[in-house]
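Build me a model:
(2 chains)
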Number of protein chains: 2
Amino acid sequence: MPDVEGHPTREEMDLRTVLNALADPLRYGVVSALLREAEGTARTCASFNLPVSKSTLTHHFRVLREAGLVRQVDRGNNRAATLRTEDLDACFPGLLDLLRANP
Amino acid sequence: MPDVEGHPTREEMDLRTVLNALADPLRYGVVSALLREAEGTARTCASFNLPVSKSTLTHHFRVLREAGLVRQVDRGNNRAATLRTEDLDACFPGLLDLLRANP
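Below is the predicted model of the structure:
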């Protein structure tokens, strides 16, 4: 079962859900940006400077989280997201390389 | 430029468009079914027995074609679709293996 934040376990991750999350250009851009950071980097949603409202931003990060692409990390007074690199490599070998090759 | 049928060239193929085409469960199912066939197999749209109207079917095959996933082949009185395996392997190495592993 996904945890209280909606993070699926590896067993629950599904390629179709992941592809659906990546099909949106804004969400693809977030994953692409996280792939360019050092592994494990946590970035706040605001740091991506996306041209959308706060509620839309929250929606997009929920989709990414529920697909298993990012993990939300609480840091005192804000929240940040990291890419679930190890989980994604374990569940969908080749996916991150494919995204890296198509930024 | 895509040809008259809307088939993009390799250079025009874009991963985001491909992911968007695959994000629909019905279209994912068509690609998955073609992957299980011998390479180069052409199947008519009707052969997939999809529970949708003819116009919806036409729409879904257009999305697959315009993304570069399938090539439409005219065969006298009907049309069939083949997977663009070589083009997909050239443009997006690893993608088809990923789909094969997640039928």
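
Just to be sure, A:R16 is in a helix?
Yes. Counting by DSSP: H, G, I helix; E, B strand; the rest coil, A:R16 falls inside a helix.

How many neighbouring residues does it have?
Neighbourhood size, A:R16 [other Cβ atoms under 10 Å in any protein chain shown]: 17. All C-beta spots, glycine's among them, are computed from the backbone N, C-alpha and C.

Alongside chain B, which residues does chain A contribute?
A:14-16, A:19-20, A:22-23, A:25, A:28, A:92-95, A:97-99, A:101-102 (Cβ under 8 Å from any Cβ of the partner chain).

Residue of chain A closest to chain B, please.
Using Cβ to the nearest Cβ, A:G94 is the residue of chain A that sits closest to chain B, at 3.4 Å.

Let's see the pLDDT reported for the closest residue to that residue other than its chain neighbours.
Setting aside the residues directly before and after it, A:G94 is nearest to B:G94 in space (Cβ to Cβ, 6 or more residues apart in numbering or on different chains), at 3.4 Å. We have a pLDDT of 95 for B:G94.

ok now do B:G94, which residues does it touch?
B:G94 makes contacts with A:93-95, A:97-98, as judged by Cβ atoms under 8 Å, 6 or more residues apart in numbering or on different chains.

what do you get for A:T41?
Residues near A:T41 by Cβ under 8 Å, 6+ apart: A:34, A:82.

Would you mind naming the residues that bridge with the spatially most central residue of chain A?
Per Cα atoms, centre = their mean, the C-alpha nearest to the average position across chain A is that of A:V70, at 3.0 Å. For A:V70, the beta-bridge assignment (DSSP bridges) gives partners A:L83.
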